[in-house]
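Undergrad: coords please:
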Amino acid sequence: MSDLLVETRGKVVCVTLNRAPVNALTIALYAQIADVFEEIGKRTDVHCAVFGASGAKAFCAGLDLNEFMAAKVEDDEARAAVVRRTFAAIRHCAIPVIAAVNGPALGAGCVLTSVCDIRVASPNATFGLPEINVGRCGGTAHMGRHVPQGLLRRMFFTGQPIGAEEARQAGFVDRIVPLTELAGEAMALAEIIAAKSPLGLRMGKEALNRVEFMPVEEGYALEQSFSTRLLHTEDAREATRAAIEKRQPVFKGR
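TA: Just a heads-up that it's a prediction; the model follows:
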């Protein structure tokens, strides 16, 4: 059985980690995740993605320590490049990505959730950067986009995870729902998003990523340029007509 499952449900694509018992990441699985999200970005039939995990033990416990211990020093940079590519493939995926976090997301697993656009979690979810416990660094560049520096440094220096509620209070998790409702809640949110203008979603995602670290004025100017481009599309005119006619728009993606 594949370590990564991909299923299309209408305009939503569901990507599921499926490597029992804790969805630990091998380099092969990293590469597979990158391939899948890069391919999703090229598709025109899906407009939102849900990234989840099978099993009840964990969302992802991080990298596979057995593989890490067996790795050769001369392979370190090539392996690191695969990891960077994986996180970039999710963060820069052309469509919004929702993380459905069922349980612990640790180390690289925590970073996987951080490069998604929105996080929905069960009460069982925890988020941690335990790399210091195994003599490593990592993850803070991505997590630092979402949580205050004090919290980030506590997570890193202690290696101790935070719970779903603390993550929600920090603004990292959008909402917490019972585990039995997690998949349905993430899918419902994805369907709301996927019903929006495909061009608006893709250009909006690109704009959000690009303006994140820009000075405010420069970022707003870029955002305006995206809005102006959208204004002259067929989908924008259809959205306006639908609002006037009090009906749901029918988007063509052009």
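Undergrad: could you pull out the helices for the stretch 101-250 of the chain?
TA: 108-114, 140-143, 149-158, 164-169, 179-194, 198-211, 216-231, 234-245 (DSSP state H, counting those that start in this stretch).
Undergrad: Please work out which of those helices is packed deepest.
TA: Compared across the helices of the stretch 101-250 of the chain, helix 108-114 shows the largest average neighbour count, a mean of 26 (mean count of other Cβ atoms under 10 Å). All C-beta spots, glycine's among them, are computed from the backbone N, C-alpha and C.
Undergrad: Need the contact partners of it.
TA: Here helix 108-114 makes contact (Cβ atoms under 8 Å, 6 or more residues apart in numbering) with 23, 25, 33, 51, 58-63, 83, 87, 90, 99, 101, 105, 119, 127-129, 138-139, 142-143, 145-146, 172.
Undergrad: So for the protein, the centremost residue is which one?
TA: Cys116 (1.6 Å; Cα atoms, centre = their mean).
Undergrad: Spit out the contact partners of the residue lying closest to that one once chain neighbours are set aside.
TA: Nearest non-adjacent residue to Cys116, counting by Cβ to Cβ, 6 or more residues apart in numbering: Ala99, 3.9 Å away. Neighbour list for Ala99: Phe51, Gly52, Phe59, Leu112, Thr113, Cys116, Ile118, Arg119, Val120 [criterion: Cβ under 8 Å, 6+ apart].
Undergrad: Need the three-state assignment for Ala99.
TA: strand (DSSP: H, G, I helix; E, B strand; the rest coil).
Undergrad: how close does it get to Leu201?
TA: Between Ala99 and Leu201 the computed distance is 17 Å (Cβ to Cβ, to the nearest Å).
Undergrad: Next: Pro249.
TA: Distance from Pro249 to Leu201, by Cβ to Cβ: 13 Å.
Undergrad: right, and Gly200 touches Ser227 too?
TA: No: taking Cβ atoms under 8 Å as the definition, Gly200 is not a contact partner of Ser227, at 9.5 Å.
Undergrad: contacting residues for the residue nearest to Leu151 when sequence neighbours are not counted?
TA: Leaving aside its chain neighbours, Leu151 sits nearest to Ala170 (5.9 Å; criterion: Cβ to Cβ, 6+ apart). Going by Cβ under 8 Å, 6+ apart, Ala170 touches His146, Val147, Pro148, Leu151, Ile162.
Undergrad: Just the buried ones among those, please.
TA: His146, Val147, Leu151, Ile162 (16 or more other Cβ atoms under 10 Å).
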